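Chemist: no letters, just coordinates:
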């Protein structure tokens, strides 16, 4: 149990276009979903936290108009990178929280590698 | 603000030896401490976790210890195998859906 999927696993797009990444919790309902960005050989950088049916909470320094997050249901969240530029190229990872005892267990998707040319 | 320090950043061991990764957290209210394994090009995978009311937890070759007084927790891998080679992240859950991650440890297990 506790499987999180991401689609696509990799994508190449041209500068100026938009890209949508989907994150799904397959066998549980996620109270909250998170979007992270990871640069090579670095830790996870939290971009935003999203709850179903409400606006996402963005971390300081993350442009909410550039990284649009929609959390349509308890099992689906999407991240859209708008007007992508080469500096947006990165590994994007989502995660979903599952309530367990007094805290939340966090399960990660397999990641999406975005390359902007 | 809250942070988690993780050491070492790189660890190289011989197959069969043990590996230990240590983390220190700052928020005394943290109550949940997961460990993740990330292989190249993949998302982090939860491998073991421990809650604040427990001092030690073991799952086959993997064990985690927690010292709440010192705010330390450690991952122990025994009888390491080449497939254990990966990046390991510790984390602490501080409540309010907030998880703080360590910087990661790159583990190399030499055959």
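Modeler: Yep, it's here. Everything quoted here is computed from the prediction, not taken from an experiment. Residues are numbered from 1 along each chain as shown, chains lettered A, B, ... in the order given.

Chemist: please make it C-alpha for all contacts and neighbour counts, starting now.
Modeler: Will do.

Chemist: chain A against chain B: which residues are in contact?
Modeler: Residues of chain A found near chain B (C-alpha under 8 Å from any C-alpha of the partner chain) are A:32, A:42-44, A:93, A:103-104, A:106-111.

Chemist: gap between residue B:70 and residue B:32?
Modeler: Separation of residue B:70 from residue B:32 (C-alpha to C-alpha, to the nearest Å) stands at 15 Å.

Chemist: these two: who's more crowded?
Modeler: Regarding residue B:70 and residue B:32, a neighbour count based on other C-alpha atoms under 10 Å in any protein chain shown identifies residue B:32 as having more, with 21 against 11.

Chemist: any idea what the more buried one is bridged to?
Modeler: residue B:51, residue B:93 (DSSP bridges).

Chemist: re the thing from before, the residues of chain A next to chain B: which two are farthest apart?
Modeler: Greatest spatial distance in those: A:42 and A:103, 26.0 Å, computed using C-alpha to C-alpha.

Chemist: looking at the two now, which is surrounded by more residues?
Modeler: A direct count of neighbours by other C-alpha under 10 Å for residue A:42 and residue A:103 places residue A:103 higher, at 19 against 13.

Chemist: residue of chain B nearest chain A, please.
Modeler: Proximity of chain B to chain A (C-alpha to the nearest C-alpha) peaks at residue B:43, 4.1 Å away.

Chemist: does that residue touch residue A:107 like I think?
Modeler: No - checked against C-alpha atoms under 8 Å, the pair residue B:43 and residue A:107 is beyond contact range at 9.3 Å.

Chemist: and the helix or strand containing residue B:46, what does it pack against?
Modeler: For residue B:46, the element it lies in under DSSP states H and E is strand B:45-51. Applying 3 or more C-alpha pairs under 8 Å, 6 or more residues apart in numbering or on different chains; DSSP states H and E, we find strand B:45-51 packed against strand A:103-108, strand B:32-38, strand B:56-59, strand B:62-67.

Chemist: for those, give me TSV that also has mean pLDDT.
Modeler: Formatted as TSV, those follow (pLDDT from 0 to 100):
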stretch	mean pLDDT
strand A:103-108	82
strand B:32-38	95
strand B:56-59	95
strand B:62-67	97
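
Chemist: so which of these comes closest to residue A:75?
Modeler: strand A:103-108 (12.6 Å).

Chemist: confidence-wise, which helix or strand of chain A is lowest on average?
Modeler: The weakest-scoring helix or strand in chain A, judged by mean pLDDT, DSSP states H and E, is strand A:103-108 (a mean of 82).

Chemist: chain B now?
Modeler: Within chain B, no helix or strand scores below strand B:98-101, which has a mean of 86 by mean pLDDT, DSSP H and E.

Chemist: and it, what does it pack onto?
Modeler: strand B:86-95.

Chemist: quick one: strands adjacent to the least confident helix or strand of chain B?
Modeler: Counting by DSSP bridges, strand B:98-101 is paired with strand B:86-95 (antiparallel).
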